[in-house]
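1. Could you look at this predicted model? Sequence included:
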Amino acid sequence: LRLLDTSYTGDAIVVRRASDSATQAIGFVNNELDTASLESFCSGTDGFVTTWYDQSGSGNDATQTTAGDQPQIVSSGSVILENTKPAIGLAVDNDLDLPLNIDVNSLFAVAQNTTTAAVHYLLWKASTQGFFVGGTSPSILDNFGTFTGSIALSGTSNNGLQNLINLDYNTDYSFGLNNNTYVNMPTSSTLMNINRIQRGGFGVDGTIQEIIIYTTSQSSNRNGIETNINDFYTIY
């Protein structure tokens, strides 16, 4: 929900307002989401995301045409915020679909999960792969490639907290949360392939503000990328 690539000239999202189901594209002002235009368009009503644009130029826009499944970004005329920055509010039956399956060699996301229920996914591919932070156990991963268990995060699930999440794949995945790396990853991980931002019915109940996916490993650039993200969101 911010401008990530200065060469990108498109909009950030398309929003549908609840009062009359009209839609409007919302762009950026000073590299941030144009919240003034968003609140003007959704004055006095709720607003829901129908399209979250891919800024890479690859056209992998995340979309949802079913009104009841669209995640929320405006509540009663006010933009949903997480730590002062605009956020897409996710409920368990909301999701945004990608046009094709995307291989994830490296991923950075800013997201929050508030539910303690098990098996709530941030990213999803068919019935074989999923990824989430939070839930019971406490767990980070569930049904991830050939790994069918879960990984405890040092005794805390981080539910209700804004998190900077990192996954990076070489021969297996390393996992990072808020500039910490956890080495207890399964060695049998296979490359994650996604086609949906969360799974309806099993999705993250919380917010998402940013997701960056690379099809090559970014382990050597991780510190710089995470510094850029944290400078903007002030997560840790």
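-> That came through, no problem.

2. Helices along the chain, start to end?
-> Secondary structure of the chain (DSSP state H): helices located at 35-41, 222-233.

3. Quick one: low-confidence residue ranges for the protein.
-> 115-121, 125-159, 182-190, 199-204 (pLDDT under 70).

4. One more pass at 50, please.
-> Within the chain, the ranges that satisfy pLDDT under 50 run 134-157.

5. returning to that earlier point: pick the most buried one from the helices of the chain.
-> Burial of the helices of the chain is given as mean neighbour count (mean count of other C-beta atoms under 10 Å); helix 35-41 ranks first at a mean of 16. Every C-beta, even on glycine, is put in place using the N, C-alpha and C of the backbone.

6. Off-centre distance for that one?
-> Centroid separation for helix 35-41 versus its chain: 22 Å, with C-alpha atoms, centre = their mean, to the nearest Å.

7. Next: stretch 172-183.
-> 17 Å.

8. Kindly report the same for stretch 33-46.
-> On C-alpha atoms, centre = their mean, the centre of stretch 33-46 falls 21 Å from the chain's centre.

9. And for stretch 57-64?
-> From the chain centre to the centre of stretch 57-64 is a distance of 14 Å (C-alpha atoms, centre = their mean).

10. Tell me which of the helices of the chain approaches residue 85 most closely.
-> With C-beta to C-beta, the closest approach to residue 85 among the helices of the chain belongs to helix 222-233: 5.9 Å.

11. Pipe the helices of the chain into CSV and attach distance to residue 19 per row.
-> Supplementary listing: the helices of the chain in CSV, determined by distance: least, C-beta to C-beta, whole Å:
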stretch, distance to residue 19
helix 35-41, 10
helix 222-233, 31
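
12. To residue 23, which of those lies closest?
-> Residue 23 lies closest, by C-beta to C-beta, to one member of these: helix 35-41, at 9.1 Å.

13. export that closest one as PDB, just CAs?
-> Below are the C-alpha coordinates for helix 35-41, written out as PDB (Å, rounded to 0.1, in the frame of the first residue of the first chain):
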ATOM      1  CA  THR A  35      -5.900   8.200   1.800                       C
ATOM      2  CA  ALA A  36      -7.600  11.600   1.200                       C
ATOM      3  CA  SER A  37      -9.100  10.400  -2.100                       C
ATOM      4  CA  LEU A  38     -10.000   7.100  -0.600                       C
ATOM      5  CA  GLU A  39     -11.900   8.600   2.300                       C
ATOM      6  CA  SER A  40     -13.600  11.100   0.100                       C
ATOM      7  CA  PHE A  41     -14.800   8.400  -2.200                       C
END
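
14. which other residues reach that helix?
-> Residues outside helix 35-41 that contact it (C-beta atoms under 8 Å, 6 or more residues apart in numbering) are 15, 17, 24, 26-27, 29, 47, 73-74, 77-79, 86.

15. what do you get for stretch 216-225?
-> Contacts for stretch 216-225 (C-beta under 8 Å, 6+ apart): 105, 106, 108, 166, 168, 169, 170, 174, 176, 212.

16. Ok, stretch 2-17 next?
-> 1, 22-28, 31-34, 38, 41-42, 45-53, 55-57, 67, 70, 73-74, 85, 210, 212, 232.

17. Most neighbours of all the contacts of helix 35-41, which one?
-> In terms of neighbours by other C-beta atoms under 10 Å, those top out with residue 47 at 29 neighbours.
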